[in-house]
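A.B. asks: starting from these lines, generate the structure:
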Amino acid sequence: MGHISRDRHSANAHRLTRECQGLQDFLTRVLRYLENQAAFIAIAAIGTIR
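C.D. replies: The predicted model follows:
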């Protein structure tokens, strides 16, 4: 009985780890996108100031 619940717990832990990994990948992608956008905005702003 305890063995079954332990397997289920490890499966839940594994799923949670995978979800956290996916969230981390997503946040990294968002940060990279924002950095690119910031670079474009800075270039446009510099061009406008000149």
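A.B. asks: which parts of this structure are strands?
C.D. replies: In the chain, no segments count as strands under DSSP state E.
A.B. asks: all helices of it, in order?
C.D. replies: Per DSSP state H, the chain carries helices over the ranges 2-49.
A.B. asks: where in it is pLDDT low?
C.D. replies: Low-confidence segments of the chain, defined by pLDDT under 70: 1-4.
A.B. asks: again, 80 this time
C.D. replies: Across the chain, the ranges flagged by pLDDT under 80 are 1-6, 50.
A.B. asks: please report how far I49 lies from R29.
C.D. replies: Separation of I49 from R29 (Cβ to Cβ, to the nearest Å): 31 Å. The C-beta positions use only the backbone N, C-alpha and C, and glycine is treated the same way.
A.B. asks: actually E35, not the one I wrote
C.D. replies: 11 Å.
A.B. asks: same deal with R6?
C.D. replies: Between R6 and R29 the computed distance is 35 Å (Cβ to Cβ).
A.B. asks: got it, and F40?
C.D. replies: Between F40 and R29 the distance, using Cβ to Cβ, works out to 17 Å.
A.B. asks: again, but for E19
C.D. replies: For E19, the distance to R29 equals 16 Å [Cβ to Cβ].
A.B. asks: ok, T48 next?
C.D. replies: 29 Å.
A.B. asks: which one's more surrounded, these two?
C.D. replies: R29 (10 against 7; other Cβ atoms under 10 Å).
A.B. asks: distance check, the more buried one against N12.
C.D. replies: From R29 to N12 the distance is 26 Å (Cβ to Cβ).
A.B. asks: before we move on, what about C20?
C.D. replies: Using Cβ to Cβ, one obtains 13 Å as the distance from C20 to N12.
A.B. asks: with V30 instead?
C.D. replies: Taken as Cβ to Cβ, the span from V30 to N12 is 27 Å.
A.B. asks: now swap in T28 and tell me
C.D. replies: According to Cβ to Cβ, T28 and N12 sit 25 Å apart.
A.B. asks: go on, G47?
C.D. replies: Shown here: G47 relative to N12, a distance of 52 Å by Cβ to Cβ.
A.B. asks: with N36 instead?
C.D. replies: From N36 to N12 the distance is 36 Å (Cβ to Cβ).
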